[in-house]
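# pasting the sequence and the predicted coordinates here, then a few questions.
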Amino acid sequence: MPKRTGEERLRLAVIIASTRRGRFGPTVADWFAGRARRRGNLDVDLVDLAEARLPDILGDEDDPAPPEVAALAPRLAAADAFAVVTPEYNRSFPAPLKTAIDWYVAEWAAKPVAFVSYGRESGGLHAVAQLRQVFTELHAVAVRDGVSIPHFWDRFTADGGWPRADADLDAAAAATLDQLSWWGRTLQQARAAGPCPW
């Protein structure tokens with residue numbers, strides 16, 4: 001991969017974790033991606049796992065990658081940072097997300113990951129707690145702040161738009177993007193300086 005200068009934009013992959021019929025994930029992801037695009041330093045790639053259709057049976061390490069896995073790999077490899085948009089199912093995250101994570105290894109390493117979660121009372125934080133452990137095992141850096149949206153269905157505006165004005169939600173998105181940008185730039189420079197020692 002060619003060496004990039006500090007003035008270049010960072011590539012942020014926003015991953016829609018839910019593949020369930022009638023899911024709310026694309027609405028949340030579109031909102032967060034829109035916030036990211038406004039900043040001027042981020043190129044956003046919206047990765048929808050429902051469209052990726054990754055196989056749910058993992059191959060052996062020596063098996064060739066299935067076409068769906070091979071097709072998504074360059075997009076993940078090109079990303080400098082990730083934002084995972086996830087609901088909470090039974091105090092955890094969706095199975096298709098775990099499958100997607102497990103299909104790849106080097107694509108996640110030495111890159112920051114932020115979490116945008118939604119759900120009932122917890123706002124998806126049980127799912128996020130588990131995802132932090134999973135991504136740490138893959139040598140990704142889970143950023144401290146994230147966006148948690150409890151009772152997401154209560155945040156519609158009178159005309160049906162989402163979300164309604166919310167200073168706390170705006171502040172959480174801004175802080176998350178600040179940290180993703182800082183870590184993204186820092187780790188981009190570290191990867192350019194030499195290979196990861198693992």
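Noted; the coordinates are in hand. None of these values were measured; they are calculated from a predicted model.
# show me where this protein has strands.
10-16, 42-48, 81-87, 112-119, 141-142, 147-150 (DSSP state E).
# please identify the buried residues of stretch 189-198?
Buried residues in stretch 189-198, counting neighbours by 16 or more other C-beta atoms under 10 Å, are found at residue 191. C-beta coordinates here come from the backbone N, C-alpha and C atoms, glycine included.
# check stretch 85-100 too.
For stretch 85-100, burial by neighbour count (16+ other C-beta under 10 Å) applies to 85, 86, 87, 88, 89, 93, 94, 96, 97, 98, 99, 100.
# switch the residues you listed over to CSV; also include pLDDT and distance to residue 50.
Shown next, in CSV, are the buried residues of stretch 85-100 (pLDDT from 0 to 100; distance: C-beta to C-beta, whole Å):
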residue, pLDDT, distance to residue 50
85, 98, 12
86, 98, 13
87, 98, 13
88, 97, 18
89, 95, 15
93, 97, 15
94, 97, 10
96, 97, 8
97, 98, 11
98, 98, 15
99, 97, 12
100, 98, 11
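# ok so, going back, any chance of the strands of the chain in a markdown table, with distance to residue 35 too?
Below are the strands of the chain laid out as a markdown table (distance: least, C-beta to C-beta, whole Å):
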| stretch | distance to residue 35 |
| --- | --- |
| strand 10-16 | 10 |
| strand 42-48 | 10 |
| strand 81-87 | 10 |
| strand 112-119 | 10 |
| strand 141-142 | 19 |
| strand 147-150 | 9 |
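# of those strands, which is nearest residue 189?
Ranking those by proximity to residue 189 (C-beta to C-beta) places strand 10-16 first, at 11.2 Å.
# so what strands line up beside that closest one?
Here strand 10-16 has these sheet partners by DSSP bridges: strand 42-48 (parallel), strand 81-87 (parallel).
# output those in TSV; the columns should cover distance to residue 27.
Below are the strands paired with strand 10-16 laid out as TSV (distance: least, C-beta to C-beta, whole Å):
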stretch	distance to residue 27
strand 42-48	12
strand 81-87	10
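# so where is the protein shaky, pLDDT-wise?
1-7 (pLDDT under 70).
# what do you get if the cut-off is 50, keeping everything else the same?
Residues of the chain meeting the criterion pLDDT under 50: 1-6.
# residue 177 and residue 129, how far apart?
21 Å (C-beta to C-beta, to the nearest Å).
# quick one: furthest residue from the center of the chain?
residue 158 (29.3 Å; C-alpha atoms, centre = their mean).
# what packs against the longest helix seen in the chain?
Secondary structure of the chain per DSSP state H: the longest helix is helix 167-193. For helix 167-193, the packing partners by 3 or more C-beta pairs under 8 Å, 6 or more residues apart in numbering; DSSP states H and E come out as strand 10-16, helix 25-38, strand 81-87, strand 112-119, strand 147-150.
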